[in-house]
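1. Sequence unavailable; structure follows:
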């Protein structure tokens, strides 16, 4: 699924793009309302995330404009303001949800999943296991064409296992998939739901579809000859987020301390003069600190930053005391996310081939280093004239193209490939140093599925590639099951 994030704080934007990409969303980042509108003209988005305070047109006005233009997909608004008036304005403008900075990243992910859940059933019309069938858009479960009366939670369990047929779920994983964070159930409650589900399936004559892997959790029952490695417990999303928080702190801490020093200098200046030309910039800096510190899990520091922002907006010069408290929190090691070893990505059960066409051999080497593994085989081609014979020989699952190449530009290659019926569903991703509004429109017109800048090679390319490959695998599974 594709998400557009519109957030003017580049640090927070980068952090959120990283977190969402780890969840296998395709994420584009805009930094003002004008850029956001340009992106929306080009791509169909499943969800928009808008900061309310933006340069130029604010997020609420942008939300209202989009609804007036008949944009129907979910819109989630982000803001540092928690007043009821702001919430009312947001919902009146057409927002589907509203999240106050500083926010918990797991809460953000849960709200996104909840907003997307309404349309998710359209991706697969029916899911089957032996003679058991669920129809997501009607929320019904049948066995041998006879409907089974299930509770909402029992239905969600069946759907979860059938959508992820080879995945093992602990009770904690099930809670994170099926519930929001306001009132999560206990593990015993989950076990009780599974017992109830098994009993209803047995009464309907259906064999038990749930396999208990003692000490780990539950999964859809599979052939006993299946790979024992599948019994390996799934990495906890909480652990992944904790690791991401620690890495992000190490990336952003220098700029955070620079912002703190700027505010400290302003605090001294306000003691000796009634006004300062730096005041508007200071309000912006304090506002951005609220967002980035909250996203890093430093909620107490984020709340103090909000206090400083409010004091500055009210014209108060008494900001030195909260600044002392803020610095103390940032310099206290126990408050900082611990940097654990980076968790390895879950092993994929499939092997994929990627063809990369780029005239720069150094870039081909870099992309191989970034992507190639036991599961991903990278084929490079520096001469675009030979693309047809190479494409036929490799038969890739994904094609990566450069835009500017001698003899034959990437858009022409893309256009020629799309004219061949058997390659109309091949994902094509452009990676170029020449991305601007005009070029992006040309890429889309030629039939590109996605694009990213070469400067973002290490930041987001792997996440985008895996998203497209997973979509390919889902389509193959659907075709095989038909």
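-> Happy to help now that I have it. If you're wondering where the values come from, they're calculated on a predicted model, not measured in any experiment. Numbers count the residues shown, from 1 in each chain.

2. Give the burial count for residue 86, as a bare number.
-> Residue 86: 17 surrounding residues under other Cβ atoms under 10 Å. From N, CA and C alone the C-beta is placed, and that goes for glycine too.

3. And for residue 33?
-> When neighbours are defined as other Cβ under 10 Å, residue 33 has 23 of them.

4. hang on, it packs against residue 53?
-> No: if you go by Cβ atoms under 8 Å, residue 33 and residue 53 don't touch, sitting 11.0 Å apart.

5. what touches both of the two?
-> Listed contacts common to residue 33 and residue 53 are residue 59; contacts here mean Cβ atoms under 8 Å, 6 or more residues apart in numbering.

6. pretty sure residue 212 contacts residue 221?
-> No: the pair residue 212 / residue 221 is not scored as a contact, 9.5 Å apart, by Cβ under 8 Å.

7. Tell me which of those two has more neighbours.
-> Counted by other Cβ under 10 Å, residue 212 and residue 221 do not tie: residue 221 has more neighbours, with 17 against 14.

8. ok, that one - contacts?
-> Counting by Cβ under 8 Å, 6+ apart, residue 221 has contacts 207, 208, 209, 210, 211.

9. Residue 57 now?
-> Applying Cβ under 8 Å, 6+ apart, the residues contacting residue 57 are 32, 33, 34, 65.

10. Kindly recompute the last result at 7 Å.
-> Counting by Cβ atoms under 7 Å, 6 or more residues apart in numbering, residue 57 makes contact with residue 33.

11. Can you check my assumption that it lies in a strand?
-> No: counting by DSSP: H, G, I helix; E, B strand; the rest coil, residue 57 falls outside a strand, being coil.

12. Where do the helices of the stretch 1-150 of the chain begin and end?
-> With DSSP state H, counting those that start in this stretch as the criterion, the stretch 1-150 of the chain has helices at 10-22, 33-42, 59-68, 84-92, 105-120.

13. Can you name every helix or strand that the last one contacts?
-> Which is helix 105-120. Under the contact criterion of 3 or more Cβ pairs under 7 Å, 6 or more residues apart in numbering; DSSP states H and E, helix 105-120 touches strand 47-51, strand 75-79, strand 97-100, helix 237-272.

14. Same list, these, but as a markdown table with distance to residue 463 and mean neighbour count please.
-> Below are the helices and strands packed on helix 105-120 laid out as a markdown table (distance: least, Cβ to Cβ, whole Å; neighbours: other Cβ atoms under 10 Å):
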| stretch | distance to residue 463 | mean neighbour count |
| --- | --- | --- |
| strand 47-51 | 16 | 25 |
| strand 75-79 | 20 | 24 |
| strand 97-100 | 22 | 18 |
| helix 237-272 | 12 | 16 |
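
15. okay if I get the helices of the stretch 1-150 of the chain as a markdown table plus mean pLDDT and distance to residue 162?
-> Supplementary listing: these in a markdown table, determined by pLDDT from 0 to 100; distance: least, Cβ to Cβ, whole Å:
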| stretch | mean pLDDT | distance to residue 162 |
| --- | --- | --- |
| helix 10-22 | 87 | 24 |
| helix 33-42 | 88 | 33 |
| helix 59-68 | 92 | 34 |
| helix 84-92 | 80 | 35 |
| helix 105-120 | 78 | 13 |
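
16. do you know which of the ones you listed lies nearest residue 148?
-> Each of these has some distance to residue 148 by Cβ to Cβ; the shortest is helix 105-120, at 21.4 Å.

17. and the angle from that closest one to strand 47-51?
-> Angle of helix 105-120 versus strand 47-51, following axes from the mean of the first three to the mean of the last three Cα atoms, to 10 degrees, is 140 degrees.

18. pLDDT below threshold where in the stretch 251-400 of the chain?
-> 251, 274-276, 295, 333-350, 374 (pLDDT under 70).

19. what about the strands in it?
-> Using DSSP state E, counting those that start in this stretch, the strands found in the stretch 251-400 of the chain span residues 352-357, 376-381, 398-401.

20. quick one, helices of the stretch 201-350 of the chain?
-> Remark: helices assigned in the stretch 201-350 of the chain by DSSP H, counting those that start in this stretch are 237-272, 279-295, 299-313, 320-331.

21. ok, now which ones touch residue 142?
-> 133, 148.

22. typed the wrong thing, it's residue 434
-> Going by Cβ under 7 Å, 6+ apart, residue 434 touches 403, 404.

23. Please report phi then psi for it.
-> Backbone geometry at residue 434, expressed as degrees, to the nearest 10, gives phi -120, psi 40.

24. Next: the one 10 residues further on.
-> Taking degrees, to the nearest 10, you get phi -60, psi -40 for the backbone angles of residue 444.

25. Quick one: neighbours of it, just the number.
-> Residues near residue 444, counting by other Cβ under 10 Å, number 18.

26. The residue nearest to it when sequence neighbours are not counted: what's it in contact with?
-> Leaving aside its chain neighbours, residue 444 sits nearest to residue 42 (5.5 Å; criterion: Cβ to Cβ, 6 or more residues apart in numbering). Listed by Cβ under 7 Å, 6+ apart, the contact set of residue 42 reads 440, 441, 444.

27. how close does the closest residue in space to residue 318 that isn't next to it in sequence sit to residue 435?
-> Spatial nearest neighbour of residue 318, chain neighbours left out: residue 311 (6.6 Å); criterion: Cβ to Cβ, 6+ apart. Residue 311 sits at a distance of 41 Å from residue 435 (criterion: Cβ to Cβ, to the nearest Å).

28. what does residue 170 give?
-> Residue 170 is 42 Å from residue 435, where distance means Cβ to Cβ.

29. And for residue 446?
-> Residue 446 is 14 Å from residue 435, where distance means Cβ to Cβ.

30. Over to residue 81?
-> For residue 81, the distance to residue 435 - Cβ to Cβ - is 34 Å.

31. Contacts only, for residue 35.
-> Applying Cβ under 7 Å, 6+ apart to residue 35 gives no contacts.

32. Could you rerun that using 10 Å?
-> Going by Cβ atoms under 10 Å, 6 or more residues apart in numbering, residue 35 touches 4, 6, 8, 28, 29, 54, 55, 56, 437.

33. Surely residue 372 is in contact with residue 378?
-> Yes: Residue 372 is within contact range of residue 378, at 4.6 Å (criterion: Cβ atoms under 10 Å).

34. rewinding a little: turn the helices of the stretch 1-150 of the chain into CSV, columns for distance to residue 126.
-> Shown next, in CSV, are these (distance: least, Cβ to Cβ, whole Å):
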stretch, distance to residue 126
helix 10-22, 29
helix 33-42, 32
helix 59-68, 33
helix 84-92, 35
helix 105-120, 14
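
35. any idea how far residue 296 is from the closest residue to residue 257 other than its chain neighbours?
-> Nearest non-adjacent residue to residue 257, counting by Cβ to Cβ, 6+ apart: residue 330, 6.9 Å away. In this view, residue 330 and residue 296 are 10 Å apart by Cβ to Cβ.

36. For those two, work out which one has more neighbours and name it.
-> Of the pair residue 330 and residue 296, residue 296 is the one with more neighbours under other Cβ under 10 Å, namely 26 against 19.

37. hang on, the more buried one packs against residue 18?
-> No: with contact defined as Cβ under 10 Å, residue 296 does not reach residue 18; the gap is 11.7 Å.

38. what's near enough to touch residue 49?
-> Taking Cβ under 10 Å, 6+ apart as the test, what residue 49 contacts is 3-7, 13, 16, 20, 27, 29, 59, 74-78, 97, 99, 108, 111-112, 115.

39. Please parse this structure into its domains.
-> Per automatic domain parsing, the structural domains of the chain span 2-118, 124-234, 251-334, 352-481.
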